[in-house]
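*Asks:* build me a structure from this.
(chains A and B)
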Amino acid sequence: MSETSAAERGLFATFRRARGDFSLELDLELPAHGTTVLFGPSGAGKTTLLRCVAGLERPQMARIGLGDAVFQDDARALFVPTHRRPLGYVFQDDALFPHLNVRENVAFGMRRVRPQLRRVAWEPTIELLGLGPLLDRRITELSGGERKRVGLGRALLTSPELLLLDEPLSGLDRPARRAVLDYLLEVRARWEIPMIYVSHALDELLRLADHLVLLDAGRVVDAGPVLDVTARAASFPGLEGQHGALLVASLVEHDPGAGLSRLEFLGGALWVPQVARSLGSIVRVWVRASDVSIWLEAPGRSSALNVLLARIVKVEAAGPYQTLVEAEVGLAPGRLFRALITKRSAVELGLQATQQVFLQLKTVALLTD
Amino acid sequence: MRHHSPLRLPLPSGRALNSSDGLAVWLTLELASVTTALLLLLGTPLAWWLARTQSRFRSVVGAIVALPLVLPPTVLGFYLLLFWGPRGLGGQLSRVLHLRPLPFSFAGLVVASLICSLPFVVQPLSSAIRALGRGPLEAAATLRLGPVQSFFWVALPLLRSSFLTAGLLGFAHTVGEFGVVLMLGGNIPGQTRVLSIALFEHVEALDYTAAHALALGLVLFSFVTLLGWGRLHERNLGS
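*Replies:* Sure thing, here's the model as predicted:
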C-alpha cells in the first residue's frame, strides 16, 4: 500500500462484535491525518475496536481497512492476520518481552521490516524517546514511564502506517503521564504517523485529539473534529459537567516582566501565565465554563485579564439551578465559549440568543505544559 | 534399538553390578530419553490445544490425558497387552501391516511409557501456557511475527523453565515406571529388562547387595537431578 493513498482515505471499519451481553456495532470512517481519540467509559468497546482493527479479534460481518488496503472483508471471506497488517500497537500493559533486554525489545519488530520499508529509523527514535541510556537494561529494571517509552519505540520502529495506542498512560503517576504525553506529541510531530488513541481521561483527549470519537456501550455517540465534538459533549459519560471550550491558539507575545504570554485565536486574544515555548507555537487551552462569568456591559476597571466581547448563541438549562450559555467570539462562526452560571442570574440578566455580552475569564487552563 | 552386546557402565560400586544390570541401566536411560523427547514433541501441541481451545471436547481430552495419574499402571499395561495381543485390534493391524508385534519389545515399552508419562509432561506445560496468556504472542503478532516465529522467539524462551520441568518429570517418571513395563515388556535383557524390573528380580532372588546398588543408584540419581533442576529454576526466577 502506498503512503499517499493511506493519507487520503484513512481507516474504515464497519462491523458487529457480540460477546455475551456486550455488543459492539460500528460504522466508522476516520481521517488519515492526525490523532483520533476514542473516548468513552470503560466497557464502551474502545479496546475491542482497536483489537479488531489490529486483527487480534475477529468481528463478524466486518469490513475493515486502511486506505487502499483491506484487512477484513467478510463479503469476500478475507482476513489478513495481525502480523501482515502495517500497524503499530502500544498495549495498555506494555506487553514487553521479559526475556529480552531493552535493545532487543525495541529492535524486535524492526528486524522483520524490510530495510527499504523502514521509514522510521533507529537513531532518531532512540534519541527522541531518550532510550539510549536504557538499551542494555533488563525490562524488570524499568520504571513505568520508561516501559511506555520502550513500548512506543518498539511499535514505531516497525514503521507503521497507523499507530494504535490503548490507554498508553494508564498506571502512571502525574509527572510520568505528562512526560510520556510530551514524548507522544514529539513522535507525532516528527513522523506524522496517524494515531488512534484510546483514552478515558479528559486531559489526554484535550491535549492530543484532532478528531474525537465518543463511544458508549458499543455505539458511536458522536464523532468529528475535536473542537466541534467537545463543544457538544458535556452530557457524555466521563465528560459530565465538563462544560467548557477547547481553543487552539498561537503564541504571539511574551511579557516576562508580568510573567504572562499572549495567545491569539481566530477572533480574539488571551493573556495566560507565561508559556515556556517559542513565539509562533500552537498551544491548546481549555476554558472551563465555570470559570467564565457574563457581563452585560464592559466590566470597566477590574482585576480580570481576559474580557472578550461575545454574542450569545444558545441558552440552555444545565441541571435544576444552573444555566449553560454558549457564546461565540469573533465573526460568525466564531470560537465558541461556554459559561455556566446560576439560573437566577440568567433570568435576571434576561440572557437570550444573539444578545451581545462580555465574557470574563477567571482562569485559563493551559494544556501544553 | 537392540543391544545384544553387554554394555558395562562405570557405576559407583562396580563390584555389586553385573553386566546385565549395567545393561538394564543403559536401557532405562535410553528408554527415558527417547520417551521424553517424543513426549515433548507430541505433548507440546497437545498442551497448547488444552490451554487455548474453547472446544467442548477439552475436558474429555484433559481427563483422558490425566488418566495415567490415577490408574494403576498395571491396568494400563493389561489393556495395552490385550490391544496389541494377537486378537487385539492393534495386534491384528500390525500383522496386516507386517510390523513387529509391540509387546515384549523396546518399541512397545516406548509406546507404553509415552502413555504413562504423558500427564507429567502435558499438565505442567498446559498450565504454563495458560499462565503465559495471549499477551506476549499478541504483541509479537503486532511486531510482524507469524505464529511459528512467535512460538520459537517468544513462547519457547518464556516457557523455558516449564519445558525443563516437564521434561524432567517425564524422564523421571519413565525411569521409575514399573507396572506397565512388567505387564507389557516382560524381562528380556537388552530389550525390555529395565532398571525397575532388574531391581525387582534381585529382591526376588534375595540378592540384596545387587538390589542396593541399583536402588541407591536410582535414589542418588533422582536426588542429583532434582537438586540440579531446583538450582536452575532458582536462577531463572532470580534473573
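*Asks:* for the rest of this, base every contact and every neighbour count on C-alpha atoms.
*Replies:* Fine.
*Asks:* need the helices for chain A, in chain order.
*Replies:* For chain A, the helices defined by DSSP state H occupy A:3-9, A:46-54, A:102-107, A:122-128, A:144-156, A:174-191, A:202-208, A:226-231, A:343-349.
*Asks:* so what does the third one touch, helix or strand wise?
*Replies:* Packing contacts for helix A:102-107, counted by 3 or more Cα pairs under 8 Å, 6 or more residues apart in numbering or on different chains; DSSP states H and E, involve helix A:144-156.
*Asks:* my guess is A:Phe71 contacts A:Gly65, does it?
*Replies:* Yes - counting by Cα atoms under 8 Å, A:Phe71 does reach A:Gly65; the two are 4.8 Å apart.
*Asks:* mind giving me TSV with the helices of chain A and columns for mean neighbour count and distance to A:Arg335?
*Replies:* Formatted as TSV, the helices of chain A follow (neighbours: other Cα atoms under 10 Å in any protein chain shown; distance: least, Cα to Cα, whole Å):
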stretch	mean neighbour count	distance to A:Arg335
helix A:3-9	15	28
helix A:46-54	23	30
helix A:102-107	22	43
helix A:122-128	15	35
helix A:144-156	24	35
helix A:174-191	15	24
helix A:202-208	19	16
helix A:226-231	19	9
helix A:343-349	14	21
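*Asks:* those helices: which one's closest to B:Thr192?
*Replies:* helix A:102-107 (48.8 Å; Cα to Cα).
*Asks:* from the chain's centre, how far out does that closest one sit?
*Replies:* In terms of Cα atoms, centre = their mean, to the nearest Å, the centre of helix A:102-107 is found 28 Å from the chain centre.
*Asks:* restrict that helix to CA atoms and write it as PDB.
*Replies:* Below are the C-alpha coordinates for helix A:102-107, written out as PDB (Å, rounded to 0.1, in the frame of the first residue of the first chain):
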ATOM      1  CA  VAL A 102      15.500  -3.100  26.100                       C
ATOM      2  CA  ARG A 103      17.600  -3.100  23.000                       C
ATOM      3  CA  GLU A 104      16.200  -6.400  21.900                       C
ATOM      4  CA  ASN A 105      12.700  -5.400  22.700                       C
ATOM      5  CA  VAL A 106      12.900  -2.200  20.700                       C
ATOM      6  CA  ALA A 107      14.600  -3.900  17.700                       C
END
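*Asks:* any idea of the mean pLDDT for that helix?
*Replies:* Averaged over helix A:102-107, pLDDT sits at 95.
*Asks:* which residues touch it?
*Replies:* Here helix A:102-107 makes contact (Cα atoms under 8 Å, 6 or more residues apart in numbering or on different chains) with A:96-97, A:134-139, A:150-151, A:153-155, A:157.
*Asks:* residue ranges of each domain in chain A, please.
*Replies:* A:3-241, A:245-366 (automatic domain parsing).
*Asks:* between these, which one is closest to B:Arg52.
*Replies:* domain A:3-241 (14.7 Å).
*Asks:* distance between that closest one and the chain's centre?
*Replies:* Distance, centroid of domain A:3-241 to centroid of chain: 11 Å (Cα atoms, centre = their mean).
*Asks:* next one: stretch B:200-218
*Replies:* With Cα atoms, centre = their mean, you get 23 Å for stretch B:200-218.
*Asks:* compute the first-to-last residue distance for it.
*Replies:* With Cα to Cα, to the nearest Å as the measure, stretch B:200-218 spans 13 Å from end to end.
*Asks:* swap in stretch A:259-269?
*Replies:* Stretch A:259-269: ends 16 Å apart by Cα to Cα.
*Asks:* contact partners of it?
*Replies:* By Cα under 8 Å, 6+ apart, stretch A:259-269 touches A:247-255, A:270-275, A:308, A:329-331, A:334-335.
*Asks:* which elements pack onto the particular helix or strand that has B:Thr36 in it?
*Replies:* For B:Thr36, the enclosing helix or strand under DSSP states H and E is helix B:19-52. Judged by 3+ Cα pairs under 8 Å, 6+ apart, helix B:19-52 is in contact with helix B:58-70, helix B:106-132, helix B:160-176, helix B:195-204.
*Asks:* just want the angle from the first one to helix B:19-52.
*Replies:* This means helix B:58-70. 160 degrees (axes from the mean of the first three to the mean of the last three Cα atoms, to 10 degrees).
*Asks:* buried stuff in the next helix-or-strand element following helix B:58-70?
*Replies:* Per DSSP H and E, the first helix or strand lying C-terminal to helix B:58-70 is helix B:73-84. Judged by neighbour count (16 or more other Cα atoms under 10 Å in any protein chain shown), helix B:73-84 contains these buried residues: B:73-74, B:76-77, B:80-84.
*Asks:* neighbours around A:Ala363, how many?
*Replies:* Quick fix: residue A:363 is Thr, not Ala. 18 (other Cα atoms under 10 Å in any protein chain shown).
*Asks:* local confidence estimate at the spatially closest residue to it that is not a sequence neighbour?
*Replies:* Of all residues not flanking A:Thr363 in the chain, A:Asp291 sits nearest, at 6.2 Å (Cα to Cα, 6 or more residues apart in numbering or on different chains). On pLDDT, A:Asp291 comes in at 89.
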